[in-house]
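Chemist: fold the following for me, if possible:
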Amino acid sequence: MTIKLYSWPMSSGTRVSWALEELALPYEYVLLDAKKQEHRSAEMLALNPHGKVPALVDGELRLFESCAILLYLGSRYGAAKGLWPAPSGQSHADAVCWTVWASTELGPYLMQVVYHGLDSPVSYKPEDRSGAAAAYSRGQLERMLDTLEARLDGRDYLMGGFSLVDVAAASWLLLGTHLGLPLESHPRVAQWCRRCGERPAFRRAR
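Modeler: A predicted model of the protein is given here:
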């Protein structure tokens, strides 16, 4: 049975379609119309009770939240494709931790910097921004970029070779740089992002 991904462009579903493209899995992209509130339909709420994208159906399984979907795809399909560690040992533990970290730490702080500290199409209006929120989130994001810079010392990718862990983390920073986030002070991170963004699977997913 074909995998179905319910999503729309420029959303967290993009990292899921990127992962599916990297895994070379056949899937159907079900494009939802946000303006028509299709993500709030009864059909979609049965797949994602929060009324958001993405949602993924694989046979009898239904999943929501991009991080959870990436972990599922890694565990179900990734090892055979060389894109996820085997389910034992420190490498697998590292893959899970970095993937969850990207969703719970890197992404939220990055978006707060975008909302409050940048001039981008999705930033808040100047009168609605908080300087305190921008400064705090910027400090947290800088600390995370320092950690990524150290992790990438001697590595081309977060796990050594490219994996779905890179999809989880680089997808956030590729969005950030697209919206004007500078990475010049972290050259290894910037080079890693460029490598990830040049992958054919990422370009197809976009």
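Chemist: which SSE is immediately downstream of the worst-scoring helix or strand of the chain on mean pLDDT?
Modeler: Within the chain, no helix or strand scores below helix 42-47, which has a mean of 93 by mean pLDDT, DSSP states H and E. Scanning forward in sequence from helix 42-47 by DSSP states H and E, the next helix or strand is strand 55-58.
Chemist: could I get the average pLDDT for that next one?
Modeler: Regarding strand 55-58, the rounded mean pLDDT is 98.
Chemist: ok, and what's touching that strand?
Modeler: 1, 3-7, 16, 44, 47-48, 62-64, 69, 72, 76 (CB atoms under 8 Å, 6 or more residues apart in numbering). (Glycine included, C-beta is placed from N, CA and C.)
Chemist: just checking: what are the partner strands of that strand?
Modeler: Applying DSSP bridges to the sheet, strand 55-58 is found paired with strand 3-7 (antiparallel), strand 61-64 (antiparallel).
Chemist: what comes up buried for the last one?
Modeler: Of the residues in strand 61-64, those buried under the neighbour-count criterion (16 or more other CB atoms under 10 Å) are 63-64.
Chemist: please save the CA atoms from it in PDB.
Modeler: Extracted in PDB, the C-alpha atoms of strand 61-64 (Å, rounded to 0.1, in the frame of the first residue of the first chain):
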ATOM      1  CA  LEU A  61      -0.600   3.100  10.800                       C
ATOM      2  CA  ARG A  62      -1.400   6.800  11.200                       C
ATOM      3  CA  LEU A  63       1.200   9.300  12.400                       C
ATOM      4  CA  PHE A  64       1.400  13.000  13.100                       C
END
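Chemist: now the helix or strand just after that strand and strand 3-7, what's the angle there?
Modeler: Using DSSP H and E, the next helix or strand after strand 61-64 towards the C-terminus is helix 66-73. Counting by axes from the mean of the first three to the mean of the last three CA atoms, to 10 degrees, helix 66-73 lies at 170 degrees to strand 3-7.
Chemist: okay, now the unreliable bits of this protein?
Modeler: Across the chain, the ranges flagged by pLDDT under 70 are 1.
Chemist: care to break it down by domain?
Modeler: The chain breaks down by automatic domain parsing into domains covering 3-81, 89-205.
Chemist: that older thread, I'd like the strands paired with strand 55-58 laid out as JSON lines, including distance to Gly117.
Modeler: Below are the strands paired with strand 55-58 laid out as JSON lines (distance: least, CB to CB, whole Å):
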{"stretch": "strand 3-7", "distance to Gly117": "27"}
{"stretch": "strand 61-64", "distance to Gly117": "29"}
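Chemist: which one of the ones you listed lies nearest to Glu38?
Modeler: Closest to Glu38 of the strands paired with strand 55-58 is strand 3-7 (CB to CB; 8.9 Å).
Chemist: what residues does that closest one touch?
Modeler: Strand 3-7 is contacted by residues 13-14, 16-17, 20, 25-32, 39, 44, 47-48, 53-58 when judged by CB under 8 Å, 6+ apart.
Chemist: do stretch 97-110 as well
Modeler: In contact with stretch 97-110 (CB under 8 Å, 6+ apart) are residues 65-67, 70-71, 74, 137, 140-141, 144, 158-159, 164-165, 168-169, 171-173, 175-176, 181.
Chemist: I'm done for today, thanks for sticking with me.
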